[in-house]
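K.L.:
A structural model of the following input is requested.
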Amino acid sequence: MSMGDMKRISSILILGLLALSAFAILPVSAQPQKGPGVDEVIIEVRASGEVGVGDVATGLLDAYWKSLSPAVYAGLPEDWKQNLKLIKNAGGFNGLVFNPAHDPDNPYIITVGGKQYFNPFAIREVRFAMNFIYSRKYIVDEILLGGGQPMYGMPQPSNPRNSLVEDIYAEAGFSPEGDFEYGYNMIQDALTKAASELGGRLEKRVDPNAPAGFWWYFDGEPVTVTFLIRIEDERHEMGLYIADQIEKCGIKVERREITFAEGIRLTYYTDPKDYLWNIYTEGWSLGQGINPLYYADYAVIFYAPFIGLMPGYQEEGWWQYENDTLDEIGLKIWLRQVESMDEFHELAHEVVRLGVYEAVRIYIVETWEYFPVNKERVTRIAYDPARGLWSEWPLYTTKTTDGTFRIAVESAQPAMFTEALNPIGGFGDVYTMYGVYVAITDDGTESSPVTGEPEPYRVNWTMEKKYHYEDGQVVGEIDVPPYAVMYDTLANEWVEVGEGVKAAVKVVFNLTFSKFHHGVWEDMNDIRYAIAHTFEWATLDEPGDRKYDARYASDLQQTLPLIKGFVFREPNVVEVYHDFIEIQSDAVTATFFVPWTAWPWELWEAMDWIIVNNGSVTGNTYSWNKVEGKEWLNLITEDHVRDLIAALEEMRNRRHVPDALKGFVDPVKAIARYNAAERWGREKGHMLISNGPFYVETYDPIRPYMLLKAFRDPSYPFTSDYWYYKYRVVREVIEKIDAPVSATTGSDITVKVNVIEVEEFPEAGEAPSETAYVTVSLVSPEGRTVFSEVASLVEPGVFQVTIPGSATEGLAEGSYTIKVSAATHEMAPYAEVATQEIVLTAPVVTPTPTPSPTPSPTPSPTPSPTPSPTPAPKTKLYIAAGIVIIIIVVVAVFLLTRKK
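P.N.:
As a prediction, the model looks like this:
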C-alpha cells in the first residue's frame, strides 16, 4: 500500500536454475546522471509468448515482460537462442480456486434467478479429493517439460520453511503421482451422502458413453461445473487434463477457455453467489513467497478469509467463504501476537493444515519459467534471482546500447492492461505493478537482495522498543507524548492522544523529499494527508459512509489499531508509535508503518472527490475497486482523467482545503497544487503523477503503447549507479552431491556437498565456498523428513554430514531422497536446493549354520564337513541419481503478490 509500505498484501498482491549471471555490469560512469540507466522505456503488447520471444531474439524488442516455460524455448532456431539471455522466474505457482457458495439454509444448493443448482464444490470432501484425481508429476514432466515441481500447499516448496509443514502433506496422503481411485471414492462417498439428504433430487444415471459410465444428475439435469481455463500458458493444457479427470468422476465440465482479463473479472470481481464459475486455474507470482521470514504470512494471505483473497473477497453484500478458526489463528500470526518462535511455527502449521483440508484453494505446481532478454542490446540489467524481471531492479538498473529499453507485455485482447491503475484498488497484476508502478514510484523502503529485509530507500530510521507480554498480547512500556496525534475520521481532524498512552515501539523516520513529476516539491503535508487517508478509507464511521472501502479495509482494520500516535517534526521527521513486534526482525518491526507516499495530496483529494461526488463531466460513479455498476477508477482512462481535471478545477474555484490539512495548508498553496496537477493532466492526458525514476510521457490505448521517460530532475536523490555501490550479491551454488545411491537401514551414510560461492553483483566471480549455510535432509517416500542437520565445512568448497544409522534403523525399504540446500546464511531470502535419490534396503541377516551330526567312533574315512548354507545373493537395485537445482532469491520486502 502506498502508506508505510504496508505491503504484506499490496503495495501486495502477485516464480531455480539461473541460466546466466543475475547482474551483467558495464564500467561505472565517472559522473552518473540522476535517475535510471536508460532514457526511456517503450512498452508495447504482443499476443503470445511465441511472438514475444521471437521479437526479442530478432531485436524488435529488448525484453519480454512475461516469463515463459521451457517448452516455448525448446523449438527456437539455434541462431535465435544465441541472441537470448534467459532470466529465471522461480517465484510463481499454479493451482485451482473453487467457488464454494451455497444457500444459507442448504449446504449443497445455490439458487440463482429462482433456479436451484447443485454445487459439488460446496462440499469440503469433494474439494479435498481434487488433490488426488490427477498427477502433479504428469503436469510437471509432460506439460511443463520439467519446468517446475509439485506443490501441495503454502508456502512454496522452494521455501526453506516448507519442511515445517511437509508432515501435513504426508499425513494427507499427497504424492506427485496422485491417487485417482482414492479421490474418486472420496467424491462418490460425498455425493452419495448428499443424495441421501436431498431426498432423491441428486442421483446417478448410467450412461455407457460417459467417461465414468454414469453422470450425476440434479433435478433431472446433469450436474455440470463451469471450469475457467486460462489459454495463454500451460494452464490451458493443465486445465483440460484436470477437466477430463473430473468427468471420470461422473461430473460434467463446461470448459470455458478464456483470456487473462476474463478469468480475473469472473473469478475475483463477481459475487460467488451469482454462480458464474466453479473452478479457475489460478497463477500467482510472489515477491516473498520463498523467503523464510514471511512463509507464515503467505499461508495466512492465501488461506484466511479476513485478508480478502478467499471467495467473496470481503466485498460488502457478497457471499463470503467464512472460517472463524482460520481467521482467529491467522490474525495472531498477522499481528504477531506470539511470544516465541515455537508458538509462531505451531500457529503457522495449524493455518496450513486447516487450509489444506478446507481445500477452497489447492496448489498444483511451482513453476520455473524464463524471461527472454536480447543480450546484444541490453548491456546491463539487475534482477531478482527468484522473480526475474518481475521486480524493482530491472527498470532501475538496465542499460542498453542506445538508451532505449523496448519491452512488451502479453495480452490477447486489444487493451494493454486488464487492471486499473489507481493506488488503492489498482496495480493488481504483474504488468501494471512491474511494468508501470515500480517504474514511476519510489516507496519509502526497498528490500535487500542480500537479507530479504526492508532497508532504507526514501526514508531511514532509528528505533526504540520496550514491552512485555500479558496473555499473549504485546503491552508497550514507552510513553507516547501527549501531543502526539491521531486522525479522527468521524470529526475529520487531527487530535492529540493525551496523557497515559503507551506503545511498544518508537520509530523516528527521516524522509528524503524531492519533486513530484509535475514539478511540485514533496513535503510533510503529503505525508500528513496520506496517513489520514489510510485511516479514513479503512474506517466505517456510519452506515453508508462514502469514504469507506470494505475490500481496502479488510486487512487495515486489523492492523491500524496497533498504531498509537504520530509526531510530525518539520521539515522531514516523523515519529511513529506502535505495538507491532516482529520477533524475527527489527527491520520489519520498524517498518510496520512507514510514513511515506508516492502520490501528491492534491491527486489523492481529486480521486476522493469523484468517488464521493461522482464525475461532473461524465456523470460516472466511481470506485477504487472493480464493482458492479461503477467505474473502476483508472488514472490513464480518458473519461476518468476528464473528471479528475474537472474536480481539480472545482476545488480550485472553491478554494478548497482538505480536512486533514486544515491549519497546515492555506487556500493559496492549495490552489497552486491544483493548478500544477491540472496542467499535468491536460498536457499528458493521464493523472499518473508520482515521484519515481520514470514518468509516463505518453499513453495510447488504441495502438496500444506507453512511453516512460527518465526523471532527471536534480532533486531526485538517486543516480543510475546507486545500486552498483550499495550491495554485494552472492549465491551459493551446489556443484555436486557425493553420496551412495543405495545403503542398508541402520548404517551410517556420509554425504559430501561441493559448493561454490558465485558473486553476481556488482562484479562477476566465483570461488570455493567457506561460509555457506548447508543443510542435508533425508526425506521418506511419503514426503516426511526423517533426518536433517547442518553440514560442516571440511575443506574449502566441501561440506559434510553423516546420517547416523540410528536415523535410518527400522525404516521401511524404498527410494528416499537426500535433499541439500545451500544459502549465504540461515535466514537468507534465497537458497539453492538439490536432490539425489538413495535406495534403502534392510540388512541381510545371515542364518547360523546347522552343525553336522557327530559321527560314531568307528573306523571309517574322515567325513567331509557339511557346508554352511550360502545366503541368497542380495538383489542390487540401481537408481540413477537425479539432481534438481533450484535457485530462489527474493528481494521486495513486504510481501508483493500479483496475479498472473
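K.L.:
can we go C-alpha only for contacts and neighbour counts from here?
P.N.:
OK.
K.L.:
ok, so what distance separates Ala71 from Ile143?
P.N.:
Counting by C-alpha to C-alpha, to the nearest Å, the separation of Ala71 from Ile143 is 8 Å.
K.L.:
which one's more surrounded, those two?
P.N.:
Just comparing Ala71 and Ile143: by other C-alpha atoms under 10 Å the higher neighbour count belongs to Ile143, 19 against 16.
K.L.:
I'd like to know how far the more buried one sits from Leu240.
P.N.:
Taken as C-alpha to C-alpha, the span from Ile143 to Leu240 is 11 Å.
K.L.:
again, but for Gln188
P.N.:
Distance from Gln188 to Leu240, by C-alpha to C-alpha: 22 Å.
K.L.:
okay, now the unreliable bits of the protein?
P.N.:
Across the chain, residues meeting the criterion (pLDDT under 70) sit at 1-31, 287-290, 385, 727, 761, 829, 846-900.
K.L.:
what residue lies at the spatial centre of it?
P.N.:
Leu286 (2.0 Å; C-alpha atoms, centre = their mean).
K.L.:
shouldn't that residue be in contact with Asn94?
P.N.:
No. Assessed by C-alpha atoms under 8 Å, Leu286 is found out of contact with Asn94, at 11.5 Å.
K.L.:
and Asn162, backbone torsions?
P.N.:
Asn162 adopts backbone torsions of phi -60, psi -30, taken as degrees, to the nearest 10.
K.L.:
could you shift the numbering so residue one becomes 527, and keep it that way?
P.N.:
Happy to do that; since the first residue is 527 now, the last one works out to Asn688.
K.L.:
what sits against it?
P.N.:
Listed by C-alpha atoms under 8 Å, 6 or more residues apart in numbering, the contact partners of Asn688 are Met680, Pro681, Gln682.
K.L.:
quick one: the helices in the stretch 1177-1326 of the chain?
P.N.:
According to DSSP state H, counting those that start in this stretch, the stretch 1177-1326 of the chain carries its helices in the segments 1193-1210, 1248-1252.
K.L.:
will you turn those into TSV that also has distance to Phe658 and mean neighbour count?
P.N.:
Rendered in TSV, the data for these read as follows (distance: least, C-alpha to C-alpha, whole Å; neighbours: other C-alpha atoms under 10 Å):
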stretch	distance to Phe658	mean neighbour count
helix 1193-1210	54	17
helix 1248-1252	47	14
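K.L.:
which of the ones you listed sits closest to Met1232?
P.N.:
helix 1193-1210 (11.6 Å; C-alpha to C-alpha).
K.L.:
beta partners of the residue nearest to the centre of the chain?
P.N.:
Thr1423 (DSSP bridges).
K.L.:
do you know how far it is from Val579?
P.N.:
Separation of Leu812 from Val579 (C-alpha to C-alpha): 23 Å.
K.L.:
before we move on, what about Lys1210?
P.N.:
As judged by C-alpha to C-alpha, Lys1210 and Val579 stand 31 Å apart.
K.L.:
distance between the ends of stretch 1262-1274?
P.N.:
One end of stretch 1262-1274 to the other measures 20 Å (C-alpha to C-alpha).
K.L.:
for that stretch, buried residues please.
P.N.:
Using 16 or more other C-alpha atoms under 10 Å as the burial criterion, the residues of stretch 1262-1274 that qualify are Lys1262, Ile1263, Ala1265, Val1267, Ser1268, Ala1269, Thr1270, Thr1271, Gly1272, Ser1273, Asp1274.
K.L.:
show me what contacts the third one?
P.N.:
Residues touching Ala1265, when contacts are defined by C-alpha under 8 Å, 6+ apart, comprise Ile1275, Thr1276, Val1277, Lys1278.
K.L.:
and the residue nearest to Ile635 when sequence neighbours are not counted, its phi and psi?
P.N.:
In this structure, Ile635 finds its nearest non-sequential neighbour in Phe644, 4.7 Å apart by C-alpha to C-alpha, 6 or more residues apart in numbering. Phi and psi for Phe644, reported as degrees, to the nearest 10, are phi -90, psi 120.
K.L.:
to what extent is Phe644 buried, counted in neighbours?
P.N.:
Neighbour count for Phe644, taken as other C-alpha under 10 Å: 22.
K.L.:
right, and it touches Pro633 too?
P.N.:
No. Using C-alpha under 8 Å, Phe644 makes no contact with Pro633, being 9.5 Å away.
K.L.:
ok so, going back, just the buried subset of the contacts of Ala1265, written out for ChimeraX, thanks.
P.N.:
The ChimeraX command for the buried members of the contacts of Ala1265 (criterion: 16+ other C-alpha under 10 Å) is given here:
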select :1275,1277,1278
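K.L.:
roughly how far apart are Ala822 and Trp860?
P.N.:
8 Å.
K.L.:
again but with Leu728, I slipped
P.N.:
Shown here: Leu728 relative to Trp860, a distance of 42 Å by C-alpha to C-alpha.
K.L.:
and for Val1183?
P.N.:
Val1183 is 36 Å from Trp860, by C-alpha to C-alpha.
K.L.:
for Lys611, state which of the buried residues of stretch 1262-1274 is nearest.
P.N.:
Checking the buried residues of stretch 1262-1274 against Lys611 by C-alpha to C-alpha gives Lys1262 as the nearest, at 24.9 Å.
K.L.:
wait, isn't the closest one in contact with Val1277?
P.N.:
No. When contacts are counted by C-alpha under 8 Å, Lys1262 is not listed as touching Val1277 (10.4 Å).
K.L.:
residues in contact with Val1245?
P.N.:
One correction, residue 1245 is Thr, not Val. Per C-alpha under 8 Å, 6+ apart, neighbours of Thr1245: Pro558, Gln559, Lys560, Gly561, Pro562.
K.L.:
can you map out the strands along the stretch 777-926 of the chain?
P.N.:
Using DSSP state E, counting those that start in this stretch, the strands assigned to the stretch 777-926 of the chain run over residues 778-784, 805-812, 887-900, 904-908, 925-926.
K.L.:
I misspoke; the intended subject was the stretch 1127-1276 of the chain.
P.N.:
1148-1149, 1157-1158, 1220-1226, 1231-1236, 1255-1264, 1268-1270, 1275-1287.
K.L.:
just want the angle from the longest one to strand 904-908.
P.N.:
Put plainly, it is strand 1275-1287. Angle of strand 1275-1287 versus strand 904-908, following axes from the mean of the first three to the mean of the last three C-alpha atoms, to 10 degrees, is 120 degrees.
K.L.:
where along the stretch 827-976 of the chain do the helices fall?
P.N.:
Under DSSP H, counting those that start in this stretch, the stretch 827-976 of the chain gives helices at 850-860, 867-884, 919-923, 956-957, 964-966.
K.L.:
now distance to Pro940 and mean neighbour count too, for the ones you listed, in TSV please.
P.N.:
As requested, the helices of the stretch 827-976 of the chain are arranged in TSV below (distance: least, C-alpha to C-alpha, whole Å; neighbours: other C-alpha under 10 Å):
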stretch	distance to Pro940	mean neighbour count
helix 850-860	40	18
helix 867-884	38	18
helix 919-923	25	24
helix 956-957	15	26
helix 964-966	23	24
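K.L.:
so which of those is nearest Tyr1013?
P.N.:
Comparing the helices of the stretch 827-976 of the chain under C-alpha to C-alpha, the one sitting nearest is helix 850-860, at 23.5 Å.
K.L.:
which residues does the closest one contact?
P.N.:
With C-alpha under 8 Å, 6+ apart, helix 850-860 has contacts from 822-823, 826, 829-832, 864, 870, 873-874, 876-877, 880-881, 1084.
K.L.:
perfect, that will be all.
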